[in-house]
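> Pasting the sequence and the predicted model now:
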Amino acid sequence: MDFDDSEPCPQPDRPEPSPTAWTEGNYTILSSDNFEFTVPDYHLLAASDVFRGFMQLDGSAAYVVFEDEDLETAETVNLFLNLIINGTLETTDVNELAILAVFLKGFGCINAIDTLFLQLEQGHHSAVKTFIVAAVLDDTALCIETLEDYALDGGADEPGATDPAAPSDADTAEAHTDAGITFDIRTWPLSWAQTLPSNYRWALDVAWEAVGGSEALADEFEARLGQTQPA
């Protein structure tokens, strides 16, 4: 990212802001794919250690240019702003959730990460998604807690039909629509498994093979995670 204390020269190839873009405030974010988001700076100050630290160093700065083409796109910025300003999570897509989580961690948005997990835990999203996002953040404790809660709930399937994203997820529609989603990775859409870090994926797979959805799953996962993954 690049911070500047004045708005850059107009760029002819810059797209017009989308209808959902943020347009009111005194601080502008230019996403890596050239969409502008203007918001009151106090939202950023309250939410982000990175923004807060920068503004304390240079209070005149009013513009930031994002450059990371994977993490700092308009899609992610929009999700970020909705989360920190409206307290809403505007996606159910696992990959988008993972990218948002990494973005929040990188910008020191501790409270927003808590809000993200609160939204995931309040329904409309499966415990599996909470586990995946926690794994992406390397939050082993939350992964274990999620598995413990899953076992306490009886290790029940989480039907894809209850997830708003299921009908529109190409992987789900292809092989998993109306199928039970459990912590058996074989019940997941391929994109979900690919999002999970490899060490977590291996540990969960081996643990499930050993004990299934029993109360021992969390302990087995924790033990496997501490082992060296076979080459």
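Yes, it's here.

> Check which residues of the helix or strand hosting Ile99 are buried.
Assigned by DSSP states H and E, Ile99 belongs to helix 94-106. Neighbour-count burial for helix 94-106, counted by 16 or more other CB atoms under 10 Å, picks out Val94, Glu96, Leu97, Ala98, Ile99, Leu100, Ala101, Val102, Phe103, Leu104, Lys105. Placement of C-beta: from N, CA and C, glycine included.

> And the average pLDDT for that helix is what?
Helix 94-106 carries an average pLDDT of 97.

> helices and strands around it, which ones?
Helix 94-106 sits against helix 74-81, helix 110-121, helix 127-136, helix 190-195, with contacts defined as 3 or more CB pairs under 8 Å, 6 or more residues apart in numbering; DSSP states H and E.

> Would you convert those into JSON lines that also reports mean pLDDT, mean neighbour count and distance to Phe51?
Converted to JSON lines, the helices and strands packed on helix 94-106 look like this (pLDDT from 0 to 100; neighbours: other CB atoms under 10 Å; distance: least, CB to CB, whole Å):
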{"stretch": "helix 74-81", "mean pLDDT": "96", "mean neighbour count": "21", "distance to Phe51": "11"}
{"stretch": "helix 110-121", "mean pLDDT": "94", "mean neighbour count": "17", "distance to Phe51": "12"}
{"stretch": "helix 127-136", "mean pLDDT": "96", "mean neighbour count": "24", "distance to Phe51": "22"}
{"stretch": "helix 190-195", "mean pLDDT": "95", "mean neighbour count": "17", "distance to Phe51": "27"}
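
> Out of those, flag the one nearest Ile181.
Closest of the helices and strands packed on helix 94-106 to Ile181 is helix 127-136, at 5.7 Å (criterion: CB to CB).

> how much does that closest one deviate in direction from helix 110-121?
150 degrees (axes from the mean of the first three to the mean of the last three CA atoms, to 10 degrees).

> Give me the residues contacting helix 127-136.
92, 94, 97-98, 101-102, 116-117, 120-121, 140, 142-143, 146-147, 149-150, 158, 181-183, 188, 192, 195-197, 200, 204 (CB atoms under 8 Å, 6 or more residues apart in numbering).

> What's the first helix or strand after it?
Immediately after helix 127-136, counting by DSSP H and E, sits helix 140-152.

> C-alpha coordinates for that following helix, PDB please?
Extracted as PDB, the C-alpha positions of helix 140-152 are listed here (Å, rounded to 0.1, in the frame of the first residue of the first chain):
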ATOM      1  CA  THR A 140      -5.300 -23.300  16.900                       C
ATOM      2  CA  ALA A 141      -7.200 -22.700  20.100                       C
ATOM      3  CA  LEU A 142     -10.300 -21.600  18.200                       C
ATOM      4  CA  CYS A 143     -10.000 -24.600  15.800                       C
ATOM      5  CA  ILE A 144      -9.900 -27.000  18.800                       C
ATOM      6  CA  GLU A 145     -12.800 -25.200  20.500                       C
ATOM      7  CA  THR A 146     -14.900 -25.500  17.300                       C
ATOM      8  CA  LEU A 147     -14.200 -29.200  17.200                       C
ATOM      9  CA  GLU A 148     -15.100 -29.600  20.800                       C
ATOM     10  CA  ASP A 149     -18.400 -27.800  20.300                       C
ATOM     11  CA  TYR A 150     -19.100 -29.900  17.200                       C
ATOM     12  CA  ALA A 151     -18.700 -33.100  19.300                       C
ATOM     13  CA  LEU A 152     -20.900 -31.700  22.100                       C
END
